[in-house]
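Asks: Build the 3D model from these lines:
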Amino acid sequence: MRIGYLECFSGISGDMLLGALVDAGVPFESLASTAVALNVGARLELRKVMRGGLTGTKVDVITPEGLAETSGHSHHEHAHENAREHSHDGHNHGPDSHAHSHAEPVQKRVEHSHAPHRHLSSILKIIQAAPLSGAVKARAVRAFQLLGEAEAGIHSIPIEKVHFHEVGAVDTIVDIVCAAAGAELLGVDKWLASPLNVGSGTVKCQHGTLPVPAPATLALLADAPVYAAGPPMERVTPTGAAILRMLDVHYDKLPAMRITGTGYGAGGKDTPGEPNLLRLLIGEAEADSSDAEPIAVIESVIDDSNPQVLAYVSELLLERGAWDVYRVAVQMKKGRTGVQLTVLCRPDLVAALEEVIFRETTTIGLHWRLEKKHSLKRDWIEVTTPWGNVRIKVARWPSGQIANASPEYEDCRKLATERKVPLKQVMQEAMKSFAADRDREAAAFKENQ
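Replies: So this is what the prediction gives:
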């Protein structure tokens, strides 16, 4: 599995990600041609810069008005103040400064007291009309939908009324679409990221002075792990947050992988001693982590509960979605004999299953942890026995070959009860029928070769 890992120790914005992509090996010409294909009059410029003593790649979006990397934030129809102050993608601003300090202007700025606007629907039409792959378009459309939903929710307006200033819209379109194109060119299967340094302080924008992270950024980040470090400034922009969502980024520590590429994308402001960079690591995951999935383990040791109550609780936990529940006799302090109750479940079920344990048992404490789960792929095959049909659970190796098979207990139990035959006989006949079916399939396959 090819993994892209984003180290966001100084946050993330659209231009920082473009710089990191190019630095990691994405051809700049490919991103530049993507920007031109959008037919919005924008182009990209590339340069090497120093940030905190380290070299990074800076990608600037040059708009038709000659402004570099101005904004990425939208607003509703009733605000028409100076467009140049509406800059939520001006990454790494100082406190109370939100007027394009992120990008180091390439050309002299132009005043636009009443800049035209682009509604979300017109931006989506621009993306759909561009000669780009379907995957790139789908990702970019999703990012803008997320931006629009965030703004609509913040300002309590219909999403159709959300719009972007002309200059900011062009920047954001180019950032998002080029990020989607660059991600496709990298061929990454899974995107991961470190916790996000969102910055602190306040920023000035169309709606006044707002706290960092800006409301749109906060809405887009949802439950992402965040913190604030370093001088007060905006470090994660709405565009950066939308791109993280667009890529379906998961937040975790750096996984075991063989690093095959590294890229450093630069922000616009140099912060001495604190590299204002986004680092991108590209790697191949270790073989044993490609099919791993998280599993939660909940445990509690109980020494004063009726065994029948624990059996009942186990049934409740399984009904609530636990994968497995088991009980083991343990020797506790002061010679007491207890029962260790262990529950295996999806991580999102921990809170609900904890509530069942506290409510139904006498325990006053428990602990839980996350582990990795490896499992073979499973499917069901139905076979016929003299008493009726039985499902066989089949486990397969990655190659598709059968590793194990077993008859479904509940099916066999039902037939044994209804037909008054031993359970073991039903199970034996089910496996015999399964083996016969496999032999016939193998023979037919060999005959057709």
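Asks: What ranges does the stretch 151-300 of the chain have for its strands?
Replies: Assigned by DSSP state E, counting those that start in this stretch, the stretch 151-300 of the chain shows strands spanning 163-165, 190-193, 196-197, 199-200, 202-205, 208-211, 226-227, 233-234, 250-251, 257-266, 277-285, 293-302.
Asks: Make a markdown table from those strands and add distance to Val59, mean neighbour count and mean pLDDT to it.
Replies: C-beta: built from backbone N, CA, C; applies to glycine. As requested, these are exported to a markdown table (distance: least, Cβ to Cβ, whole Å; neighbours: other Cβ atoms under 10 Å; pLDDT from 0 to 100):
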| stretch | distance to Val59 | mean neighbour count | mean pLDDT |
| --- | --- | --- | --- |
| strand 163-165 | 20 | 28 | 64 |
| strand 190-193 | 19 | 19 | 95 |
| strand 196-197 | 20 | 24 | 96 |
| strand 199-200 | 21 | 23 | 92 |
| strand 202-205 | 22 | 22 | 80 |
| strand 208-211 | 26 | 13 | 84 |
| strand 226-227 | 25 | 15 | 96 |
| strand 233-234 | 19 | 31 | 92 |
| strand 250-251 | 25 | 14 | 94 |
| strand 257-266 | 7 | 19 | 96 |
| strand 277-285 | 11 | 22 | 95 |
| strand 293-302 | 35 | 17 | 91 |
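Asks: possible to save these as a markdown table with distance to Thr34?
Replies: Below are these laid out as a markdown table (distance: least, Cβ to Cβ, whole Å):
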| stretch | distance to Thr34 |
| --- | --- |
| strand 163-165 | 19 |
| strand 190-193 | 19 |
| strand 196-197 | 26 |
| strand 199-200 | 29 |
| strand 202-205 | 28 |
| strand 208-211 | 31 |
| strand 226-227 | 30 |
| strand 233-234 | 26 |
| strand 250-251 | 26 |
| strand 257-266 | 16 |
| strand 277-285 | 18 |
| strand 293-302 | 34 |
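Asks: Can you show me the helices along the chain?
Replies: 14-23, 28-37, 120-129, 134-155, 166-186, 215-221, 238-246, 307-319, 350-360, 409-419, 423-448 (DSSP state H).
Asks: ok, and the helix or strand in the chain with the lowest average confidence?
Replies: Ranked by mean pLDDT, DSSP states H and E, the weakest helix or strand in the chain is strand 74-75, scoring a mean of 36.
Asks: Where does pLDDT dip in the chain?
Replies: 65-117, 163-168, 206-207, 286-291, 441-449 (pLDDT under 70).
Asks: Could you list the domains of it?
Replies: As given by automatic domain parsing, the domain ranges for the chain are 2-289, 293-373, 377-448.
Asks: tell me the most buried of those domains?
Replies: Most buried of these, by mean neighbour count (mean count of other Cβ atoms under 10 Å): domain 2-289, with a mean of 20.
Asks: and Arg245, what does it touch?
Replies: 142-143, 146, 220, 222 (Cβ atoms under 8 Å, 6 or more residues apart in numbering).
Asks: Same check on Met332?
Replies: Contacts of Met332 by Cβ under 8 Å, 6+ apart are 301, 303, 338.
Asks: so the first one bridges to which residues?
Replies: In other words, Val301. Assessed by DSSP bridges, Val301 has beta-bridge partners Gln340.
Asks: quick one: contacts for it?
Replies: Val301 sits next to 330, 332, 338-341, 363 when contact means Cβ under 8 Å, 6+ apart.
Asks: quick one: the residue lying farthest from the centre of the chain from Val426, how far?
Replies: Farthest-out residue of the chain from its mean C-alpha position, per Cα atoms, centre = their mean: Lys420, at 52.5 Å. Note on Lys420: its distance to Val426, by Cβ to Cβ, to the nearest Å, is 11 Å.
Asks: Test my guess that Asp270 contacts Leu277.
Replies: No. Using Cβ atoms under 8 Å, Asp270 makes no contact with Leu277, being 10.3 Å away.
Asks: Spit out the residues that contact these two alike.
Replies: 51-52.
Asks: What residues are bridge-paired with Asp60?
Replies: Assigned bridge partners for Asp60, using DSSP bridges, are Glu45.
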